[in-house]
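S.K.: structural data only, the sequence is not supplied:
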């Protein structure tokens, strides 16, 4: 069977996707960790007395944070994530996806130690920034790797692993926050950030590197072996056509013999065929050697300049043939944050406390996270059955409607309406805007453009996240619940943007999407 037509999910591909997504779980945990324990950390419930607060074994039980400083402390991890996302693309191109995940885990572990042992507000902020770098790196490499290892038919399902594990991490942080929301229990909640990273380090040794990354590095033999492991036994699954497409897309007319001579001298020696000109033959891996099979229909690609085989940097990307698709992906990430979803994630306990009281708001927050998880699971089943554009437009439209209901409920004093609107808000987000932005770039950009585009998109995502998390407490104090009118407006803009500009990618290869847009594999 041709690996490009696989309709089932190969086991090892699912395993690699699940292990990689532990990074996504960590991101979700970091986002949600301070939400429920906020009162305990700031001493708002009177547990710590008046400032200066009581200490245990030399560590303060609580810290004094003004609203603005607390907003900065919560959002400061986005600054670290912004930096991590900008360097993440280059790092994963240089070191590979797996090694970049290991570096990300090191930041998670160090940041969790700083937070767990914090004795001053400045140290709390430093810990959030350090752990934010890990989130930035992971937010680039995890969706990239998931998109690169997935089959065409399974790309939507595997791509949603990032969002699925993220909301699992969010729910986990809420549950632990509920259990340890008194001083000094909040320290255990924050220190737990490093546990998923430690677990992932143990399992990373069995992951295979991304085949597309290996092809982009001209390590064809390793790419073939990695792809075969991901797709299943050689007896039942043939990878040669899929490998061919990768080589043509990523390396243009470069032939396997050129690649072997330049880059595989240290590998196991194998007979290397003469160079085949014109790009109209394909490669077969048999008994660890390359042979040239029968001609395929020619796909002419001009790649006279060897420097075009290198991954695009930021400047090259936005001057290249891929600039339009990259801009679409980045804009979707900006609009995702513009919906204000993370304002609810960060501050739902304090926000709902005004309506339902501090005690009840904690349980509603857990319920919202559970709703997010259930809806994300539903999205996994929908994403390969419903067009991406349809899900995005329904998601944006549902967020806009929910924002309007939330504002009406808040101003009329109908608490149940506020709660219903909040659950609708989360449901609408999770059904489309949660998972799809992390999938899109890997579905319409080749590997040589993907890392830079992912870095830029993730950087924009975290930058907008920081601005919203910083300003939300002050905005709600000044504007009240009218703040959600702004978020609803962004969602309406999103509906129009998706309808007008976003290409449909469901069930289509990167090559097909690029061809529809008239984009060659490499610029001439």
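M.R.: Noted; the coordinates are in hand. Everything quoted here is computed from the prediction, not taken from an experiment. Numbering: from 1, shown residues only.
S.K.: okay, domains of the chain per the record?
M.R.: The chain breaks down by automatic domain parsing into domains covering 3-209+314-516, 211-309.
S.K.: ok, the residue nearest to residue 451 when sequence neighbours are not counted - contacts?
M.R.: Nearest-residue entry for residue 451: residue 89, 3.7 Å, with adjacent residues in sequence omitted and distances by C-beta to C-beta, 6 or more residues apart in numbering. Glycine gets a C-beta too; all of them are placed from N, C-alpha and C. By C-beta atoms under 8 Å, 6 or more residues apart in numbering, the contact set of residue 89 is 140, 451-456.
S.K.: distance check, residue 89 against residue 24.
M.R.: In this view, residue 89 and residue 24 are 17 Å apart by C-beta to C-beta, to the nearest Å.
S.K.: check residue 174 too.
M.R.: Distance from residue 174 to residue 24, by C-beta to C-beta: 16 Å.
S.K.: now the strands for the stretch 51-200 of the chain?
M.R.: 55-56, 59-60 (DSSP state E, counting those that start in this stretch).
S.K.: what's the answer for the stretch 201-350 of the chain, then?
M.R.: 283-286, 289-292.
S.K.: element containing the residue nearest to residue 414 when sequence neighbours are not counted?
M.R.: The shortest distance from residue 414 to any non-neighbouring residue, by C-beta to C-beta, 6+ apart, is to residue 408 (8.0 Å). Assigned by DSSP states H and E, residue 408 belongs to helix 388-412.
S.K.: longest single helix anywhere in this structure?
M.R.: Selection of the longest helix in the chain by residue count, based on DSSP state H, yields helix 447-479.
S.K.: any buried residues in it, and which?
M.R.: By neighbour count, with 16 or more other C-beta atoms under 10 Å as the criterion, the buried positions of helix 447-479 are 447-466, 468-473, 475-476.
S.K.: I'd like to know which elements that helix is packed against.
M.R.: helix 67-95, helix 121-149, helix 211-216, helix 314-317, helix 323-338, helix 341-356, helix 436-444, helix 483-501 (3 or more C-beta pairs under 8 Å, 6 or more residues apart in numbering; DSSP states H and E).
S.K.: can you add distance to residue 376 and give those helices back as a markdown table?
M.R.: Below are those laid out as a markdown table (distance: least, C-beta to C-beta, whole Å):
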| stretch | distance to residue 376 |
| --- | --- |
| helix 67-95 | 21 |
| helix 121-149 | 15 |
| helix 211-216 | 26 |
| helix 314-317 | 30 |
| helix 323-338 | 14 |
| helix 341-356 | 13 |
| helix 436-444 | 11 |
| helix 483-501 | 18 |
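S.K.: just for the stretch 1-150 of the chain, where's the confidence low?
M.R.: Within the stretch 1-150 of the chain, the ranges that satisfy pLDDT under 70 run 45-47, 49-54.
S.K.: tally of neighbours for residue 126?
M.R.: Number of residues near residue 126 (other C-beta atoms under 10 Å) recorded here: 17.
S.K.: that one: what's it in contact with?
M.R.: Applying C-beta under 8 Å, 6+ apart, we find residue 126 in contact with residue 114.
S.K.: do that again at 10 Å, thanks
M.R.: Residue 126 is in contact with 76, 80, 111, 114-115, 118, 120, counting by C-beta atoms under 10 Å, 6 or more residues apart in numbering.
S.K.: what do you get for residue 469?
M.R.: By C-beta under 10 Å, 6+ apart, the neighbours of residue 469 are 31, 70-78, 337, 342-343, 345-347.
S.K.: look at it and report its pLDDT.
M.R.: In this model, residue 469 is scored at 80, pLDDT.
S.K.: nearest residue to it other than its sequence neighbours?
M.R.: Closest residue to residue 469 apart from its sequence neighbours, by C-beta to C-beta, 6+ apart: residue 75 at 3.5 Å.
S.K.: and that neighbour, how many neighbours does it have?
M.R.: 24.
S.K.: number the residues from 7 up from this point.
M.R.: Happy to do that; since the first residue is 7 now, the last one works out to residue 81.
S.K.: what's near enough to touch it?
M.R.: Contacts of residue 81 by C-beta under 10 Å, 6+ apart are 87, 131, 134, 138, 348, 352, 468, 471-478.
S.K.: run the last query once more with 8 Å
M.R.: Residue 81 makes contact with 352, 471-476 under the criterion C-beta under 8 Å, 6+ apart.
S.K.: where does the stretch 407-530 of the chain dip in pLDDT?
M.R.: Applying pLDDT under 70 to the stretch 407-530 of the chain flags residues 527-530.
S.K.: what helices or strands is the host helix or strand of residue 25 leaning on?
M.R.: Taking DSSP H and E as the criterion, residue 25 maps to helix 17-26. Applying 3+ C-beta pairs under 8 Å, 6+ apart, one finds that helix 17-26 makes contact with helix 127-155, helix 161-165, helix 167-185, helix 226-237.
S.K.: now with 10 Å?
M.R.: Here helix 17-26 touches helix 103-122, helix 127-155, helix 161-165, helix 167-185, helix 200-209, helix 226-237, going by 3 or more C-beta pairs under 10 Å, 6 or more residues apart in numbering; DSSP states H and E.
S.K.: which element follows that helix toward the C-terminus?
M.R.: helix 28-38.
S.K.: quick one: list the elements packing against that following helix.
M.R.: Against helix 28-38 (3+ C-beta pairs under 10 Å, 6+ apart) you get helix 73-101, helix 103-122, helix 127-155, helix 167-185, helix 192-197, helix 200-209, helix 347-362, helix 364-388.
S.K.: same thing but 6 Å
M.R.: Under the contact criterion of 3 or more C-beta pairs under 6 Å, 6 or more residues apart in numbering; DSSP states H and E, helix 28-38 touches helix 127-155, helix 167-185, helix 200-209.
S.K.: tell me which residues in the longest one are buried?
M.R.: Of the residues in helix 127-155, 127, 130-155 count as buried by neighbour count, 16+ other C-beta under 10 Å.
S.K.: this completes my enquiry, with thanks.
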